[in-house]
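*Asks:* this is the structure alone, sequence omitted:
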């Protein structure tokens, strides 16, 4: 049954691409389509949802029924920096929050092409500072994101480090988009397997967001120095063009001495975690991500208390 469900998802994605996919459509039509299809995922009833305004952004607290009041996740949604929202990722955020026993802050960061780079990373930074202003210790916070939001997660961590800001305890990246250039030769080996994303689309959306800044380390973190970043968990399917990005992020973490766990899920597509509650593999991946977050937050909290005690 699991294999049939996976094949069904891939078939539907290929059908959607064949029926409706047009690279020349305006961004708002892509956004409407994404909102429609993700609405079919439903909204889990094991969490409460509290929308509010954060600076100039729409934001939402997603609180699972098992929240232990010491764990928080700042979640950065995917969508090529031009699509996606709290609505499209509400189910994923709720399931990750429950797996980690954490309260999740979701935000609607500004989207391209109306708001190009560095708008998204600035908005992510604003949301993180909001958590700190609430008095939440950095060691109680993890940052997570998928696709563009996965790359944005790394970009935010780099920005915070460069500014001398206190870093969160961990980062989680689902199928992170690390390189906004098409990187034809490095990604082509997975293009025929991916049922929805192709290299030309990567080039188009990367240009819409970053323009001439496509190689900037905060736009394409593949070019960033990662030294000093907190531990990262990277999850990726083996049937997606961004498989290369996930492998590169792992390799760059090794290069720069950043603890990194890479989890590859055979035969899974881009951001398959969104099918939590439908695919067992998605549930397994979210449970693993939740365990990673809980472990890292607990380790850093223990380390902070130890350092505090030694100071007396």
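*Replies:* Here it is on my side, so go on. Quantities reported herein were computed from a predicted structural model and do not represent experimental measurements.
*Asks:* run through the helices of the stretch 51-200 of the chain in chain order.
*Replies:* 86-100, 119-133, 148-162, 184-187, 199-210 (DSSP state H, counting those that start in this stretch).
*Asks:* of those helices, which is nearest residue 243?
*Replies:* Ranking those by proximity to residue 243 (C-beta to C-beta) places helix 184-187 first, at 7.8 Å. Yep, even glycine has a C-beta here, placed from its N, CA and C like the rest.
*Asks:* other residues contacting the closest one?
*Replies:* Contacts with helix 184-187, where a contact means C-beta atoms under 8 Å, 6 or more residues apart in numbering, come from 199, 202, 241, 242, 243, 244, 245.
*Asks:* could you rerun that using 10 Å?
*Replies:* 179, 181, 191, 194, 197-200, 202-203, 240-245, 247-248 (C-beta atoms under 10 Å, 6 or more residues apart in numbering).
*Asks:* hmm, back to that, next, format the helices of the stretch 51-200 of the chain as TSV and append mean neighbour count.
*Replies:* Below are those laid out as TSV (neighbours: other C-beta atoms under 10 Å):
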stretch	mean neighbour count
helix 86-100	25
helix 119-133	19
helix 148-162	25
helix 184-187	15
helix 199-210	20
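*Asks:* ok, which of those comes nearest residue 17?
*Replies:* When the helices of the stretch 51-200 of the chain are compared by C-beta to C-beta, helix 199-210 sits nearest residue 17, at 9.7 Å.
*Asks:* what helices or strands is that closest one leaning on?
*Replies:* On a contact count with 3 or more C-beta pairs under 10 Å, 6 or more residues apart in numbering; DSSP states H and E, helix 199-210 meets helix 27-39, helix 119-133, helix 148-162, helix 184-187.
*Asks:* of all the ones you listed, which lies closest to residue 234?
*Replies:* helix 148-162 (7.9 Å).
*Asks:* specify the angle between the closest one and helix 119-133 in degrees.
*Replies:* Inter-element angle recorded for helix 148-162 and helix 119-133: 60 degrees (by axes from the mean of the first three to the mean of the last three C-alpha atoms, to 10 degrees).
*Asks:* reformat the helices and strands packed on helix 199-210 as TSV; add mean pLDDT.
*Replies:* Listed next are the helices and strands packed on helix 199-210 as TSV, based on pLDDT from 0 to 100:
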stretch	mean pLDDT
helix 27-39	87
helix 119-133	98
helix 148-162	98
helix 184-187	84
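*Asks:* with distance to residue 65 added, can I get the ones you listed in CSV?
*Replies:* As requested, these are exported to CSV (distance: least, C-beta to C-beta, whole Å):
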stretch, distance to residue 65
helix 27-39, 22
helix 119-133, 21
helix 148-162, 25
helix 184-187, 40
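*Asks:* can you tell which of these is closest to residue 284?
*Replies:* Residue 284 lies closest, by C-beta to C-beta, to one member of the helices and strands packed on helix 199-210: helix 148-162, at 18.5 Å.
*Asks:* any idea how far the nearest residue to residue 214 once chain neighbours are set aside lies from residue 117?
*Replies:* Spatial nearest neighbour of residue 214, excluding adjacent residues (C-beta to C-beta, 6 or more residues apart in numbering): residue 180 at 4.6 Å. Using C-beta to C-beta, to the nearest Å, residue 180 is found at 9 Å from residue 117.
*Asks:* residue 10 now?
*Replies:* Noted for residue 10: a distance of 32 Å to residue 117, by C-beta to C-beta.
*Asks:* out of the helices and strands packed on helix 199-210, nearest to residue 232?
*Replies:* With C-beta to C-beta as the measure, helix 148-162 is the member of the helices and strands packed on helix 199-210 nearest residue 232 (7.6 Å).
*Asks:* for the helix or strand residue 263 falls within, name the packing helices and strands.
*Replies:* Using DSSP states H and E, residue 263 maps to strand 260-265. In terms of contacts (3+ C-beta pairs under 10 Å, 6+ apart), strand 260-265 is packed against strand 170-174, strand 232-237, helix 243-256, helix 280-310.
*Asks:* can you give me every residue that contacts residue 122?
*Replies:* If you count contacts by C-beta under 10 Å, 6+ apart, residue 122 has them with 109, 110, 115, 156, 159, 218.
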